[in-house]
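K.L.:
predicted model follows, preceded by the sequence.
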Amino acid sequence: MTVLLDRPTPAATAAATGPRRTAGVRALARDPFIDLLRVFGMALIVLQHWTIPVLSYDGVRLTTGNALSTPGVWVVTWISQVMPLVFFAGGAANAIGFGRSGKSAPRWLAVRLRRLAWPLLPLAAVWIPLPHILLTLGVPEQPLDVGAKLTGQLLWFLAVYLIAVTVTPYALRLHERYGLWVPAGLAAGAVLTDVARFATGFDAVGYLNIVFVWLAVHQLGFLYAEGRLRHAWALAAGGFGAAALLVAYGPYPGSMIGLPGAEMSNMAPPTLAMLAVSAGQIGLAVLLRPWLLRLPTGRLLDWAGPRIMTVYLWHMPALFAVTGVVVVLLGVETPAPGSALWFAGWPLWFGLLCLVLWPLLKGFARFETPPALPYGKAGWGIVLGATALVGAGVLTLTVGGFAPGGGPFLAVIALLGGLLLTAPRTGT
């Protein structure tokens, strides 16, 4: 998720191995709008993950509910589910970063791969032994298992984003040739996928939309980077309007996050309704761009930018640490969402979480920048092999988390293998 965020200017025209750079994407200076979307998105993710859990412990099991399950509150998720803005900002940043890098496509991908994979190593170094240590100290198994699995499940975003980064050089070439037809074609793929899913009842086919939905959103970032994302009001109105119709008359739930007990989710796998809300959010964000750029956010962005990946990886471990002490050890349940006690206790809860996260940021933010090493002239075969290994490692952690067993060890081996393949080589 660490990306180069730059203001569009004419693109570098240096030759590249593989797909050529699109001549329309331009970059030199930073684009604070894209920076702001990333920081706003991360802040809202953290705020949501820290605020919505409804937690209780009966001496054996930790029960995890969701405050957004309250009837009628689902509409909040049309704004609070900010992954569309994160993928959109990533698309703009990848287009700009590739255009200005002057690197061959495989070398650019190798650099991006290392920046995505490197921060995972300290997370694994802590979480692989931690469950075993805590079990030895007498920590109850079920709450610990919940925390270990959810820490890994949070990495789903990196697994999907890795796909978007990998195809960026080719997607930019398609963008150069076909422009808006590319996200339109991906959106058509999302329509066909949902039709097949609901007509056959075979839910697994819906996972094709991981590619169709998120790459369509990522591709819209290319249009922004090129200065061609016009008529934002129509995108906002059309996106939110289409989402409202799909929810009202289609098989889609209103919530844009998965809720306990719900028959289906708009996120896992993503649906056409999620794509519609994505278009609405992007249109709204672009409409607000002039106002957002007038906000005095420079110092905030300078501080948050180098730490954003660390916040994403470690804010849930901070939540589990506070939950372990307050809910499991002390037996204090979270109050009913929206109650007077809930509002009164929220500042204390949030303060405890920030207090735990702060030393984690101090200790692990340095891993956002991998070692400054030169790169050999890696070809597509080696870089794609490295990408497959890193992707397999991230996917393994997404599915099984850091629960005790062989999965986390295999995931780390795959991550290390991918990083070693992108390491400098002599004689190239």
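P.N.:
Right, received. Where do you want to start? Keep in mind it's a predicted model, so treat the numbers as computed, not measured.

K.L.:
now the strand or helix carrying Leu360, how far from the chain's geometric center?
P.N.:
Following DSSP states H and E, one finds Leu360 within helix 340-364. Helix 340-364 sits 22 Å away from the centroid of its parent chain (CA atoms, centre = their mean, to the nearest Å).

K.L.:
so what does that helix touch, helix or strand wise?
P.N.:
On a contact count with 3 or more CB pairs under 8 Å, 6 or more residues apart in numbering; DSSP states H and E, helix 340-364 meets helix 32-51, helix 308-323. (Glycine included, C-beta is placed from N, CA and C.)

K.L.:
between those helices, which gets nearest to Leu295?
P.N.:
helix 32-51 (7.8 Å; CB to CB).

K.L.:
let's see the closest one as CSV, backbone CA atoms only.
P.N.:
The C-alpha coordinates for helix 32-51 follow below in CSV (Å, rounded to 0.1, in the frame of the first residue of the first chain):
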residue,chain,number,x,y,z
PRO,A,32,-1.9,16.1,-1.9
PHE,A,33,-5.3,14.9,-2.9
ILE,A,34,-4.2,11.4,-3.4
ASP,A,35,-2.1,11.6,-0.2
LEU,A,36,-5.2,12.8,1.6
LEU,A,37,-7.4,10.0,0.3
ARG,A,38,-4.9,7.4,1.5
VAL,A,39,-4.6,8.9,5.0
PHE,A,40,-8.3,9.6,5.3
GLY,A,41,-9.1,6.0,4.2
MET,A,42,-6.6,4.6,6.7
ALA,A,43,-7.9,6.8,9.5
LEU,A,44,-11.5,5.7,8.8
ILE,A,45,-10.5,2.0,8.6
VAL,A,46,-8.8,2.2,12.0
LEU,A,47,-11.7,4.2,13.5
GLN,A,48,-14.2,1.7,12.3
HIS,A,49,-12.3,-1.4,13.4
TRP,A,50,-11.7,0.2,16.8
THR,A,51,-15.3,1.4,17.3
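
K.L.:
now what about the next helix or strand after it, what contacts it?
P.N.:
Using DSSP H and E, the helix or strand that follows helix 32-51 in sequence is strand 53-57. For strand 53-57, contacts defined as CB atoms under 8 Å, 6 or more residues apart in numbering pick out 62-67, 143, 319, 323, 327-328, 331, 333-334, 336-337.

K.L.:
which members of these are positioned in strands?
P.N.:
Leu62, Thr63, Thr64, Gly65, Asn66 (DSSP state E).

K.L.:
for the second one, what are its contacts?
P.N.:
Which is Thr63. Leu55, Ser56, Tyr57.

K.L.:
do you know how far Gly227 is from Pro119?
P.N.:
As judged by CB to CB, to the nearest Å, Gly227 and Pro119 stand 32 Å apart.

K.L.:
please say which of these two ends up with more neighbours.
P.N.:
Pro119 (23 against 11; other CB atoms under 10 Å).

K.L.:
right, and the more buried one touches Phe364 too?
P.N.:
Yes. Contact criterion CB atoms under 8 Å: Pro119 and Phe364 qualify, at 7.3 Å.

K.L.:
give me the common contacts of these two.
P.N.:
Joint contacts of Pro119 and Phe364 (CB under 8 Å, 6+ apart) are Thr310, Leu313.

K.L.:
quick one, helices of the stretch 251-400 of the chain?
P.N.:
With DSSP state H, counting those that start in this stretch as the criterion, the stretch 251-400 of the chain has helices at 272-293, 298-304, 308-323, 340-364, 380-400.

K.L.:
got the contact list for stretch 332-344?
P.N.:
Ile52, Pro53, Val54, Leu55, Ser56, Tyr57, Ala67, Thr70, Val326, Val327, Gly345, Trp349.

K.L.:
least confident of the residues you listed?
P.N.:
The weakest per-residue confidence within those falls on Thr70 (78).

K.L.:
can you pull the phi/psi pair for the most centrally placed residue in the chain?
P.N.:
Nearest to the mean C-alpha position of the chain, by CA atoms, centre = their mean, lies Phe157 at 3.8 Å. Per-residue torsions, Phe157: phi -60, psi -40 (degrees, to the nearest 10).

K.L.:
looks like it contacts Gly90 (just checking).
P.N.:
No. In this structure Phe157 lies outside contact range of Gly90 using CB under 8 Å: 9.9 Å.

K.L.:
what about the stretch 201-350 of the chain, any weak spots by pLDDT?
P.N.:
261 (pLDDT under 70).

K.L.:
before we move on, the earlier item: just give the nearest non-adjacent residue to the residue nearest to the centre of the chain, would you?
P.N.:
The shortest distance from Phe157 to any non-neighbouring residue, by CB to CB, 6 or more residues apart in numbering, is to Met83 (6.8 Å).

K.L.:
nearest to Leu137 among the helices of the stretch 251-400 of the chain would be which one?
P.N.:
Among the helices of the stretch 251-400 of the chain, helix 308-323 sits nearest to Leu137 (CB to CB), with 13.9 Å.

K.L.:
so how far is that closest one off the chain centroid?
P.N.:
That offset, for helix 308-323, works out to 14 Å (CA atoms, centre = their mean).

K.L.:
kindly report the same for stretch 394-403.
P.N.:
15 Å.

K.L.:
who touches it?
P.N.:
Contacts of stretch 394-403 (CB under 8 Å, 6+ apart): 117, 120, 124, 127-128, 130-131, 145, 148-153, 155-156, 158-159, 162, 407-408, 410-411, 414-415.

K.L.:
select only the buried ones of these in ChimeraX?
P.N.:
A single ChimeraX command selects the buried members of the contacts of stretch 394-403 (16 or more other CB atoms under 10 Å):
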select :117,120,124,127,128,130,131,145,148,149,150,151,152,153,155,156,158,159,162,407,408,411,414,415
